[in-house]
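[1] sequence-free structure coming up:
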């Protein structure tokens, strides 16, 4: 049963289209619970990614800013989020000085019915999982039916921690109960998501370009061309979704990758900077210190030692 134990979120590995490369469980039990301890993440955030699985997140401590495409929501302690399949998302601390704690349960839609071929799956699961008008749904404690789902998430976390006899059956039953509550209360945003879906696809393409070529001398024109949009539309899209310009995000992503290399490799500091697109060691050190409060070398020394599991 050790294979079902919750694991700490570290880095989200993605392909060229930002699709997550994680397995999210096993074929016979396609669900995984992640502990989102931002203090233990090399980059202090869960980076942009998407997957075909459904996802629930619950905030245990502090506050996080959750982004799904161009939309954002702030979640506080005791609140949560449902993210639909295939939706580009990320989340980070609401305040740079904060180190919130959350957990995320990622699972196949097939967990909500007796297999993907069942009538229940086709009638009650697939229509929502494929519905572009339901990208995500914040869960608040002051709404009774949402509080019911939040309490179910706490119970699910306890099940993953304890793994009692009948664990798999209990998890599936609890997930089905939470899904039924969500399904009965969900209000689709008909007619609102066509433009938002197109904007999300454009954002995916531009983010994918940055993540694939961040070590190169990218220009604003290159980023905009990835989604066949003007430079002004590119800037608008990034500002709305991330609160940053494309160039600011590029620098942020380079620093993110640099932090991962500093924490996970023995590469010289200057080599880390070059690989991440910084043309000079001094500029790399300046930007890294501005972002983290410490020099690259001090960051590496602070991260030395085994990562708690």
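    Perfect, I can see it now. Since we're looking at a predicted model, the values are computed, not measured.
[2] tell me which element residue 228 is part of?
    Under DSSP states H and E, no helix or strand contains residue 228.
[3] residues in contact with it?
    For residue 228, no contacting residues are found, by CB atoms under 8 Å, 6 or more residues apart in numbering. All C-beta atoms are positioned from the backbone trio N, CA, C, and that covers glycine.
[4] how near is it to residue 207?
    15 Å (CB to CB, to the nearest Å).
[5] Same check on residue 271?
    25 Å.
[6] Residue 89 reaches residue 70, doesn't it?
    No: contact criterion CB atoms under 8 Å: residue 89 and residue 70 do not qualify, at 11.2 Å.
[7] sec struct for residue 12, please.
    For residue 12, the secondary structure call by DSSP: H, G, I helix; E, B strand; the rest coil comes out as coil.
[8] Do you know the pLDDT at the nearest residue to residue 235 once chain neighbours are set aside?
    Spatial nearest neighbour of residue 235, excluding adjacent residues (CB to CB, 6 or more residues apart in numbering): residue 245 at 5.6 Å. pLDDT, residue 245: 93.
[9] Over to the one 10 residues further on?
    Among the per-residue scores, residue 255 shows a pLDDT of 92.
[10] I figured the residue nearest to residue 235 hits residue 232, correct?
    No: between residue 245 and residue 232 there is no contact under CB under 8 Å: 11.2 Å.
[11] more neighbours, these two?
    When neighbours are counted by other CB atoms under 10 Å, residue 245 and residue 232 differ, and residue 245 comes out ahead with 16 against 10.
[12] just the helices in the stretch 51-200 of the chain please.
    Along the stretch 51-200 of the chain, the stretches classed as helices by DSSP state H, counting those that start in this stretch are 119-120, 126-129, 144-162, 167-185, 193-213.
[13] Just name the most buried of the ones you listed.
    The highest average neighbour count among the helices of the stretch 51-200 of the chain, using mean count of other CB atoms under 10 Å, belongs to helix 193-213 at a mean of 18.
[14] Identify the residues contacting it?
    14, 16-18, 48, 50, 69-71, 87-88, 132-133, 135, 218, 222-224, 226-227, 229, 234, 237-238, 241, 246, 249-250, 253.
[15] Can you tell me which of those are buried?
    For the contacts of helix 193-213, a burial check counting by 16 or more other CB atoms under 10 Å picks out 14, 18, 48, 50, 69-71, 87-88, 132-133, 135, 218, 222-224, 226-227, 229, 234, 237-238, 241, 246, 249-250, 253.
[16] Can you give the domain ranges for the chain?
    Per automatic domain parsing, the structural domains of the chain span 2-185, 193-303.
[17] In strands only, show me the buried ones among the contacts of helix 193-213.
    48, 71 (DSSP state E).
[18] Okay, now the unreliable bits of the stretch 1-150 of the chain?
    1-3, 9-10, 97 (pLDDT under 70).
[19] Just the strands from it, written as ranges.
    7-8, 31-37, 46-49, 54-61, 63-68, 71-76, 80-83, 89-93, 101-107, 136-139 (DSSP state E, counting those that start in this stretch).
[20] Need those in TSV (columns: distance to residue 166).
    Shown next, in TSV, are these (distance: least, CB to CB, whole Å):
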stretch	distance to residue 166
strand 7-8	22
strand 31-37	15
strand 46-49	31
strand 54-61	21
strand 63-68	32
strand 71-76	31
strand 80-83	25
strand 89-93	32
strand 101-107	18
strand 136-139	26
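[21] Figure out which of those strands is closest to residue 186.
    strand 136-139 (7.0 Å; CB to CB).
[22] Summarise which helices and strands the closest one is packed against.
    Applying 3 or more CB pairs under 8 Å, 6 or more residues apart in numbering; DSSP states H and E, one finds that strand 136-139 contacts strand 63-68, strand 71-76, strand 80-83, helix 144-162.
[23] Now do the same contact list for residue 267.
    Residue 267 touches 261, 275, counting by CB under 8 Å, 6+ apart.
[24] got the phi/psi numbers for it?
    With angles defined as degrees, to the nearest 10, residue 267 sits at phi -60, psi 140.
[25] Redo the helices and strands packed on strand 136-139 as TSV? Include distance to residue 22.
    Listed next are the helices and strands packed on strand 136-139 as TSV, based on distance: least, CB to CB, whole Å:
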stretch	distance to residue 22
strand 63-68	18
strand 71-76	22
strand 80-83	14
helix 144-162	16
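[26] Relative to residue 300, which of the ones you listed is closest?
    That would be, of the helices and strands packed on strand 136-139 and by CB to CB, strand 63-68, which comes in at 26.4 Å.
[27] Give me the most central residue, the chain.
    In the chain, the centroid-proximal residue (CA atoms, centre = their mean) is residue 90; its distance is 3.5 Å.
[28] Alright, I will stop here.
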